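Chemist: predicted model follows, preceded by the sequence.
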Amino acid sequence: MLTLRDFRKCKNKDEFLEVLKAKEPQERIDDILYSVEYEKELIKLQGELVDLQQWVAKHKKRVAIIFEGRDAAGKGSAIRRFIEHLNPRSMRVVALAKPTEVEKGQWYFRRYIKELPNPGEIVFFDRSWYNRAVVEPVMRFCNEEEYNKFMAQVTEFEHMLYEDGVDLIKFWFSISKDEQVARFNSRLANPLKRWKFSPVDQEGQKRWDNYTFYKEQMFSKTHTTFSPWIIIKTNVKREARLESMRYVLSKFNYKNKGNSGTTLFPDPNVVQRYHRLVKQIDS
């Protein structure tokens with residue numbers, strides 16, 4: 001175990017690393033070094049996001065970023081890193097509760113239309129209208145007619161957004177079944193995260209294969225050239241955050257792009273456009 005004396009006697013990073021190697025197992029050292037590198041990359045990418053946001057505001061762009069995935073896939077934690085240093089005046093996070101009785105009687109997309117970005121704004125959707133494509137049919141929150149109507153309308157809806165100048169990015173965070181269980185157990189063990197766990201989460205594990213069926217239906221019918229699905233394929237949360245940031249940044253030619261000195265090209269082993277032959281880890 002490191003002591004205060006160890007810290008005091010080290011004059012630079014190299015000396016500290018030598019002390020660390022003498023006192024800690026290699027696995028622990030690797031974790032520490034990865035964490036340090038992650039934080040360095042994160043702050044650089046967040047700086048790029050600030051530049052992107054200023055460009056979006058100046059040029060009155062409208063950017064909507066959808067975060068989808070199974071429960072505990074890391075959608076919320078990724079969004080928090082995206083927005084950490086952004087100006088709240090030109091950014092919003094949308095995480096809608098279940099529809100009210102009035103909303104149930106309206107056109108399904110209406111509750112989402114009013115949340116779309118205004119000129120100069122970036123909106124992050126923590127789940128989206130795609131609830132009706134996967135979660136709702138799996139949990140029987142909608143009937144077959146409602147599901148079929150949604151699937152027939154959604155690509156037309158997104159094409160209208162595209163034609164109107166909205167930049168829509170659709171992420172699917174893909175994690176394995178075992179990793180989902182591990183994250184559920186972590187939530188239950190932490191009093192500050194226990195609120196995140198719900199009976200729906202528990203059912204999600206039981207209905208894993210059903211989720212897979214509807215997920216694949218969604219991809220095959222709603223992946224288009226103007227609105228593709230981007231799969232973030234990793235069980236490592238920190239990697240998912242960095243690579244999804246890189247993908248977003250790579251899509252825009254904003255002022256001062258690349259000034260942070262870090263790569264803005266996402267790892268193709270982690271970030272992939274949907275294709276029938278692409279193997280996912282949550283299949």
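Modeler: Sure thing, it's come through. Only a predicted model underlies this, so the values are computations on that prediction, with no experimental measurement involved. Numbering: from 1, shown residues only.
Chemist: count of neighbours near the residue lying closest to Lys60 once chain neighbours are set aside?
Modeler: Distances taken as C-beta to C-beta, 6 or more residues apart in numbering put Pro119 closest to Lys60, at 3.9 Å, once the chain neighbours are dropped. In short, each C-beta sits where N, CA and C put it, glycine included. Using other C-beta atoms under 10 Å, Pro119 has 12 other residues around it.
Chemist: name the element Pro119 belongs to?
Modeler: Using DSSP states H and E, Pro119 is not contained in any helix or strand.
Chemist: how about the strands in the stretch 101-250 of the chain?
Modeler: 121-126, 166-174, 229-233 (DSSP state E, counting those that start in this stretch).
Chemist: quick one, which of those strands gets closest to Arg92.
Modeler: strand 121-126 (5.0 Å; C-beta to C-beta).
Chemist: in contact with the closest residue to Arg132 other than its chain neighbours, which residues?
Modeler: What sits nearest to Arg132 in space, not counting adjacent residues and going by C-beta to C-beta, 6+ apart, is Phe150, at 4.4 Å. By C-beta atoms under 8 Å, 6 or more residues apart in numbering, the contact list for Phe150 reads 108, 129, 132-133, 142.
Chemist: before we move on, the earlier item: ok, the residue nearest to Lys60 - contacts?
Modeler: 60-62.
Chemist: wait, Phe82 sits on Leu49?
Modeler: Yes - Phe82 is within contact range of Leu49, at 6.5 Å (criterion: C-beta atoms under 8 Å).
Chemist: between the two, what contacts are shared?
Modeler: With C-beta under 8 Å, 6+ apart as the test, Phe82 and Leu49 both reach 245, 248.
Chemist: give the buried residues for stretch 197-212.
Modeler: Across stretch 197-212, burial judged by 16 or more other C-beta atoms under 10 Å covers 197, 201, 204, 208, 211-212.
Chemist: in a markdown table, list these along with distance to Asp167.
Modeler: Formatted as a markdown table, those follow (distance: C-beta to C-beta, whole Å):
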| residue | distance to Asp167 |
| --- | --- |
| Phe197 | 34 |
| Asp201 | 31 |
| Gly204 | 30 |
| Trp208 | 33 |
| Tyr211 | 28 |
| Thr212 | 29 |
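Chemist: which two from the residues you listed end up farthest apart in space?
Modeler: Top of the distance list for those (C-beta to C-beta): Phe197 and Thr212, 21.5 Å.
Chemist: would CSV of the contacts of Pro119 with distance to Lys9, secondary structure and neighbour count be doable?
Modeler: Shown next, in CSV, are these (distance: C-beta to C-beta, whole Å; DSSP: H, G, I helix; E, B strand; the rest coil; neighbours: other C-beta atoms under 10 Å):
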residue, distance to Lys9, secondary structure, neighbour count
Lys60, 56, coil, 11
Lys61, 53, coil, 20
Arg62, 55, strand, 19
